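>>> task: produce atomic coordinates for the following.
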Amino acid sequence: MNSRRFARVNRQSVSVDAIFSALGTGTMSTLVKSGTAVLTTLLVVPALLKLFIVTVDEGWAAIRTRNGKPIVRKATSRSVRTGKGTAGEVVVLHSGSHGAFPLFYWYKLIDVRVRSTDLPARHLTGATGHQHLIHASFEWRPVPSGRDLRVFELDVVNVKERAANIVGAALRDVIHATDGPVLPRNEDINVTVLAHCAERALSAGGIEILSVMITGDALTDGYLLSQALRETDRGPAAVAALHALN
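Modelled structure (predicted):
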């Protein structure tokens with residue numbers, strides 16, 4: 001019985017000695033170095049790379065800022081002298097990964113996806129005197145270029161309001177040149193209105209007008225009432241009454 005206990009104690013002491021001997025050899029040192037290298041590769045290196053890489057998602061653009069305001073290229077800057085940029089524009093990063101230095105330069109994300117804006121309902125008069133109550137909307141998006149984003153971010157306080165005024169004025173001119181009580185199809189109106197306002201919206205707001213749609217229209221109540229009164233006045237009884245007065 002004692003011999004068995006002595007054998008077990010000897011086995012345990014041998015296993016403990018083997019562990020300590022392994023710890024004291026170069027094998028453990030090699031394992032520690034290998035594990036440290038793996039952890040450095042998997043954790044430390046990606047974290048360091050994020051400090052020097054700016055990633056912009058699809059449908060967005062980034063502009064370089066300082067103290068929260070976009071940086072405008074000056075005529076004396078190096079990028080302008082080397083021909084890599086134009087004076088008066090902002091620095092734009094398009095979708096994708098870019099090597100940059102966020103520790104020294106901050107970037108502001110700009111949503112350049114398509115959006116839709118409804119125009120307020122308005123009464124417009126056609127070429128033949130027909131008055132239409134029109135509900136319309138337009139689709140637009142910011143243009144991700146240095147010049148246009150400068151206008152979009154710095155020059156205009158409310159881009160959507162300014163674009164709505166430009167599109168509304170162009171729609172008014174198109175309706176004023178339209179004959180008859182029925183308006184043309186949206187396809188035709190869209191082409192005509194874009195020809196009137198697309199270039200101005202780009203230069204004045206830095207945005208691209210994609211389409212203009214009339215979502216609803218009707219002849220106004222005042223116009224229909226005036227037409228009904230005129231038809232009544234032309235009736236035989238009204239004509240006879242006028243002759244009686246004469």
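>>> all helices for this protein, in order.
2-23, 26-39, 45-50, 78-81, 146-150, 159-176, 186-205, 221-233, 236-245 (DSSP state H).
>>> residue 95 and residue 56 touch, don't they?
Yes. Here residue 95 reaches residue 56: they are 5.0 Å apart, a contact under Cβ atoms under 8 Å. All C-beta atoms are positioned from the backbone trio N, CA, C, and that covers glycine.
>>> looking at those two, which is more packed in?
residue 56 (19 against 15; other Cβ atoms under 10 Å).
>>> the more buried one is in contact with residue 62, isn't it?
Yes. Here residue 56 lies in contact with residue 62, judged by Cβ under 8 Å, at a distance of 5.0 Å.
>>> give the residues shared as contacts by the two.
By Cβ atoms under 8 Å, 6 or more residues apart in numbering, residue 56 and residue 62 have these common neighbours: 93, 109.
>>> end to end on stretch 46-62, go ahead and measure it.
22 Å (Cα to Cα, to the nearest Å).
>>> now do the buried residues in it.
Buried residues in stretch 46-62, defined by neighbour count with 16 or more other Cβ atoms under 10 Å: 54, 56, 60, 61, 62.
>>> what about stretch 127-135, start to end distance?
Termini of stretch 127-135 sit 19 Å apart (Cα to Cα).
>>> so how far is that stretch from its chain's centroid?
Centroid displacement of stretch 127-135 relative to its chain, using Cα atoms, centre = their mean, to the nearest Å, is 34 Å.
>>> below-threshold pLDDT in this protein: ranges please.
Across the chain, residues meeting the criterion (pLDDT under 70) sit at 1-35, 37, 39-41, 101-104, 221-246.
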